[in-house]
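Colleague: Just a sequence and a predicted model for now, questions to come.
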Amino acid sequence: MKKQVFVIGIDPFNAQRLREIQGADEIDYHCLISYKEAHEKGFGEFEALRRLGEHRIEEWGITPDAVISWWDYPSTCLAAWFKRQLRLPGASLESVIHCEHKYWSRCAHMEVIPENTPQFQALNPFSDNPLNDLEISFPFWIKPVKSVASQLALRVTSEKDFFYAIEKMQHEIHRYGEPFNQALQHITLPPEVMGIDGMWCIIEKEIATDSQCTLSGYVHNGEVYPYGVVDSINYTHLSSFFRYEYPSRLPDQVKKRIISLGTTVMNKLGYDNQAFNIEFYYDKKDDHLWLLEVNPRISQSHAECYKRVDGMSNLKVMVDLGLGRKPDVPYRQGDAAVSAKCYFRHFSDGTVLRAPTREEIERVQEQVSDSIIFWDAPEGVRLSDLKGQDSYSYCLGIVYLSAGSREELLQKYIRILDSLPYYIEDVK
């Protein structure tokens, strides 16, 4: 009989990729909660989505063999909650939230790899005098205890920056904090974290860095299995993200240290039978690694990269683990030497007066081999009205690429960017 796999946060692009993985003909996929329901408005309400999922399972009368998700909160925590209730394989809700709660996670990092953990502290943006509560000197980053995609992450270099950041947190943090607090009600936080909930911030000392990367891996029956390192590359001299590129160009000895650090942290978090990805910074000058954060899921942004270079999407890793199987991950069996997911960005607010049509995009995809292009900024939209943006730029769209070399890859990206007809009128 076919395996019944329930998906939280399913979206059309990855749904198609699920149907292409090896063994997909032996699986029926069911949309337990759609991406639109869970994420379109930012953070979906955990309790409302949990009740929606319960209702659908009861209505369908289907016994799930696995519950999976590749998206951030609330999908990660919802998947863990359903696995707990249905007694299915996967990481515990406590260990998933331990990863998601930035301050609690940092406490674990500090215990086991203190030399690779930046200075940090929790901060209540609603205290009588947040400035007096500061323990870290400028410059630093301030972020909600839980957010996604660098949203509401602000660099602070002065008191003026700090007061601006606190005011922004006070007005906007509820969009992240209130839904996250609903998930926190399902676990018991340890004494050192009790009271530090989604309405709090974490402050992290700014660190010197030359590059950022992500370690992909999974834990199966208590054993940590890393399988790849992907470079995360920003636009030059900017904090906004440009592309994921696989395989990483970091030296092998640095990758080995990344694997060792990641293994140590995952063992500390009590995380088991599920995929993860861990973000690191590397300071080449001092030959030093800093751990940024642990994500209790695969990175779906890397799925095409792994498929094209190694011959298997990391979606297969997620599905295997969800079904209680140990994944068998190939190495360098794909058709490309290098692959990337690139982001088209604009760095000031403006109105899209001309966007590429679907026909124009398809024409460019035909001209540039192995490219997949998505354009997300339609004509007439003001960029500041787009959802899910970082604090310093606006994402217009993305492109997946692969090539025989990094130079060829970047040439393809430039060719695509030059070929897409669009025009943005800046607004001051």
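Modeller: It's in.
Colleague: contacts, neighbours, all on C-alpha from now
Modeller: OK.
Colleague: Okay, and residue 415 sits in which element?
Modeller: helix 406-419 (DSSP states H and E).
Colleague: Mind listing what's buried along that helix?
Modeller: For helix 406-419, burial by neighbour count (16 or more other CA atoms under 10 Å) applies to 406, 409, 410, 412, 413, 416.
Colleague: Tell me the pLDDT of the third one.
Modeller: This points to residue 410. Residue 410 carries a pLDDT value of 96.
Colleague: domain assignment for the chain?
Modeller: For the chain, the structural domains run 3-88, 119-205, 208-335, 338-428, going by automatic domain parsing.
Colleague: What are the boundaries of the strands in the stretch 51-200 of the chain?
Modeller: 66-68, 120-123, 140-144, 154-156 (DSSP state E, counting those that start in this stretch).
Colleague: Quick check: which of the ones you listed has the most neighbours on average?
Modeller: Mean neighbour count (mean count of other CA atoms under 10 Å) peaks for strand 66-68 among the strands of the stretch 51-200 of the chain, with a mean of 27.
Colleague: And that one, what does it pack against?
Modeller: strand 3-10, helix 75-86, helix 314-322 (3 or more CA pairs under 8 Å, 6 or more residues apart in numbering; DSSP states H and E).
Colleague: what's the offset of that strand from the middle of its chain?
Modeller: Centroid separation for strand 66-68 versus its chain: 18 Å, with CA atoms, centre = their mean, to the nearest Å.
Colleague: Which neighbours in the sheet does it have, and how are they oriented?
Modeller: strand 3-10 (parallel) (DSSP bridges).
Colleague: buried ones in the longest helix seen in the chain?
Modeller: Determined from DSSP state H, the single longest helix within the chain is helix 252-269. Judged by neighbour count (16+ other CA under 10 Å), helix 252-269 contains these buried residues: 255, 258, 259, 261, 262, 263, 265, 266, 269.
Colleague: Residue ranges in this protein under the pLDDT threshold?
Modeller: The chain contains residues with pLDDT under 70 at 41-42.
Colleague: Quick one: list the elements packing against the longest strand along it.
Modeller: As assigned by DSSP state E, the longest strand anywhere in the chain is strand 223-234. Contacts defined by 3+ CA pairs under 8 Å, 6+ apart place strand 223-234 against strand 211-220, strand 241-246, helix 252-269.
Colleague: Mind listing residues that contact the longest one?
Modeller: By CA atoms under 8 Å, 6 or more residues apart in numbering, the list of residues contacting helix 252-269 from outside reads 95, 98-99, 108-109, 112-113, 215, 222, 224, 226, 229, 278, 280, 289.
Colleague: May I have that helix as PDB, with CA atoms only?
Modeller: Once non-C-alpha atoms are left out, helix 252-269 reads as follows in PDB (Å, rounded to 0.1, in the frame of the first residue of the first chain):
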ATOM      1  CA  ASP A 252      38.200  21.300   3.200                       C
ATOM      2  CA  GLN A 253      39.800  21.700   6.700                       C
ATOM      3  CA  VAL A 254      37.300  24.500   7.400                       C
ATOM      4  CA  LYS A 255      34.400  22.300   6.300                       C
ATOM      5  CA  LYS A 256      35.600  19.600   8.700                       C
ATOM      6  CA  ARG A 257      35.500  22.000  11.600                       C
ATOM      7  CA  ILE A 258      32.000  23.100  10.600                       C
ATOM      8  CA  ILE A 259      30.900  19.500  10.600                       C
ATOM      9  CA  SER A 260      32.500  18.900  14.000                       C
ATOM     10  CA  LEU A 261      30.900  22.000  15.500                       C
ATOM     11  CA  GLY A 262      27.500  21.200  14.000                       C
ATOM     12  CA  THR A 263      27.600  17.600  15.400                       C
ATOM     13  CA  THR A 264      28.400  18.900  18.900                       C
ATOM     14  CA  VAL A 265      25.500  21.400  18.900                       C
ATOM     15  CA  MET A 266      22.900  18.900  17.500                       C
ATOM     16  CA  ASN A 267      23.800  16.400  20.200                       C
ATOM     17  CA  LYS A 268      23.300  19.100  22.800                       C
ATOM     18  CA  LEU A 269      19.900  20.100  21.500                       C
END
